[in-house]
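A.B. asks: Give the three-dimensional model of this entry:
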Amino acid sequence: MSIFENYKTALKSLWNNRLRSFLTLLGIVIGVYAVVTLLAAAQGVQNQIGGFVEDFGPRTILVMPGESDSSGTPNFAAQAAPSTLLVDDIDYLKAHTTLIESVIDYAVFIGGLATHGDKKLTGMPVGITPGAEELFSIKIVTGRNFEQADLDKKNRFIVLSEAAADKLAVKVGETMNIGVDKFEVIGLFKIDQSLSISSAQGEMFLIPAPVANEINKSPQVNRIVVHSKTVEDVDRAITEVREALTTKHGTTDFTVMKPSEILKTVDQIINVLKYMVIGITSISLLVGGIGIMNIMLVTVAERTREIGIRKAVGATEGAILTQFLIESVLLTLIGSLIGIGLAAITSYLAAKFSPLEPAITGTTIMMAVGMGVVAGVIFGLLPAVRAARKNPVTALKYE
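C.D. replies: Take a look at the predicted model:
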């Protein structure tokens, strides 16, 4: 019997027992669906962060509070503690470095409930200098952004995201409050490379950095953004900035790094999560595979007389084994394709109705199909071998 005829026979057998076949492949469908959906979500986050980091440019250098570990990974837990960076660190860098540009930007995180009339919103208020907007990759769509004069005069101006403005029902030219402080809305923006997986990141408020320091009653800053004079100087500039701030602080209680290093760290974390996802969801495939082995053993028992007839007319053990193995693989392959299809629908809906943009890659699809086929071979092998080894005389007498 040719391979084509084996596939035809396998499809006919599955169709004749379609309800049983459907229930059997559910385990494979669920396993593949889980693998593809979660890997697509992880890949989507990785792509969004990659796009965000690319917006910084190759000369950008970030200074963050908290010392990095020995591998260079920033101490993200330190972000929740009071910042060790101060406004006068900026003047110190200007005076004690030669490889960075004279314009240095910074950002200050503040708290406070945003209100406008009877509308309230817990968002993400941040004080920035004009150049620090690249930290959030924003694009002004209505009104204007801050100018240096606004910072010098400490104008109580605010620029906010369209999402925040919509929820607060506020327009450019109107006033709103952050806590007890009143601000005039001068612009609305959208986030080009949105990392707004949480609503707070999409509902952002930006005010002049000196005003944020006044509200906090502190000279602390949370991010400093500098640029090396040339791309070739960026690594030496990082060393220069680190040495200057270490001299001023008396200790290395901060992290200096390129945005690409943040991406490298995030990639490492996401890759670990991907392996965990594969490991956890493989349990579903294991359960599905056991179900397939069980139903194939039942199928072999039901078709014992057919096996005896085929052997009596000259079918070899290899031909019998191939027939049942193809049936098992076909079952898992169909389950894999259904799981991939459902994952594609889920990813499309997630991209349409949420900030997350899942990405199903060719590698993910091949891996999912491969896992399904391997499960079919592994769990279909025992039933196929049992069918191939049946004694034709005994099989013909089977009722």
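
A.B. asks: who's in contact with L19?
C.D. replies: For L19, the contact set (Cβ atoms under 8 Å, 6 or more residues apart in numbering) is empty. In short, each C-beta sits where N, CA and C put it, glycine included.

A.B. asks: SS state for it?
C.D. replies: helix (DSSP: H, G, I helix; E, B strand; the rest coil).

A.B. asks: Could you list the domains of this structure?
C.D. replies: When the chain is parsed with automatic domain parsing, its domains come out as 3-51+265-397, 57-261.

A.B. asks: weakest of those domains by average pLDDT?
C.D. replies: Least confidently modelled of the domains of the chain is domain 3-51+265-397, at a mean of 77 by mean pLDDT.

A.B. asks: which SSE is T252 in?
C.D. replies: For T252, there is no host helix or strand (DSSP states H and E).

A.B. asks: From what I see, it and E67 are in contact.
C.D. replies: Yes: T252 lies in contact with E67 (Cβ atoms under 8 Å); the separation is 5.2 Å.

A.B. asks: show me where the chain has strands.
C.D. replies: Counting by DSSP state E, the chain has strands at residues 60-65, 85-86, 105-109, 114-116, 119-121, 124-128, 138-143, 157-161, 175-178, 181-191, 204-208, 220-221, 223-227, 254-257.

A.B. asks: which stretch among the ones you listed comes nearest G31?
C.D. replies: Nearest to G31 among the strands of the chain is strand 181-191; the distance by Cβ to Cβ comes to 35.4 Å.

A.B. asks: chain center to that closest one: distance?
C.D. replies: 29 Å (Cα atoms, centre = their mean, to the nearest Å).

A.B. asks: Kindly report the same for stretch 288-296.
C.D. replies: 33 Å.

A.B. asks: buried residues in it?
C.D. replies: Within stretch 288-296, the residues that count as buried by 16 or more other Cβ atoms under 10 Å are G288, G289, G291, I292, M293, I295, M296.

A.B. asks: Next up, the contacts around the nearest residue to the first one once chain neighbours are set aside.
C.D. replies: Same thing as G288. Spatial nearest neighbour of G288, chain neighbours left out: G27 (2.4 Å); criterion: Cβ to Cβ, 6 or more residues apart in numbering. Going by Cβ under 8 Å, 6+ apart, G27 touches S284, L285, V287, G288, G289, I290, G291, I292, G335.

A.B. asks: Tell me which residue lies nearest the centroid of this protein.
C.D. replies: Closest to where the C-alpha atoms of the chain average out (Cα atoms, centre = their mean) is V45, at 2.4 Å.

A.B. asks: quick one: contacts for the closest residue to that one other than its chain neighbours?
C.D. replies: Distance criterion Cβ to Cβ, 6+ apart; nearest residue to V45, sequence neighbours excluded, is I270 at 6.5 Å. When the contact criterion is Cβ under 8 Å, 6+ apart, the partners of I270 are A42, V45, Q46.

A.B. asks: Also E174?
C.D. replies: Applying Cβ under 8 Å, 6+ apart to E174 gives the contacts H116, E184, V185.

A.B. asks: burial of the last one, as a residue count?
C.D. replies: What it means is V185. Residues lying near V185 (other Cβ atoms under 10 Å) number 22.

A.B. asks: Same check on the second one?
C.D. replies: The criterion is other Cβ under 10 Å. On that basis, E184 has 13 neighbouring residues.

A.B. asks: farthest pair in the contacts of G27?
C.D. replies: I290 and G335 (13.5 Å).

A.B. asks: Helices of the protein, start to end?
C.D. replies: 3-16, 18-54, 87-96, 148-153, 162-168, 199-202, 209-216, 234-249, 259-302, 304-312, 317-353, 362-388, 392-397 (DSSP state H).

A.B. asks: is it possible to export those helices to CSV including distance to G111?
C.D. replies: As requested, the helices of the chain are exported to CSV (distance: least, Cβ to Cβ, whole Å):
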stretch, distance to G111
helix 3-16, 61
helix 18-54, 24
helix 87-96, 19
helix 148-153, 21
helix 162-168, 15
helix 199-202, 12
helix 209-216, 9
helix 234-249, 25
helix 259-302, 24
helix 304-312, 74
helix 317-353, 30
helix 362-388, 40
helix 392-397, 78
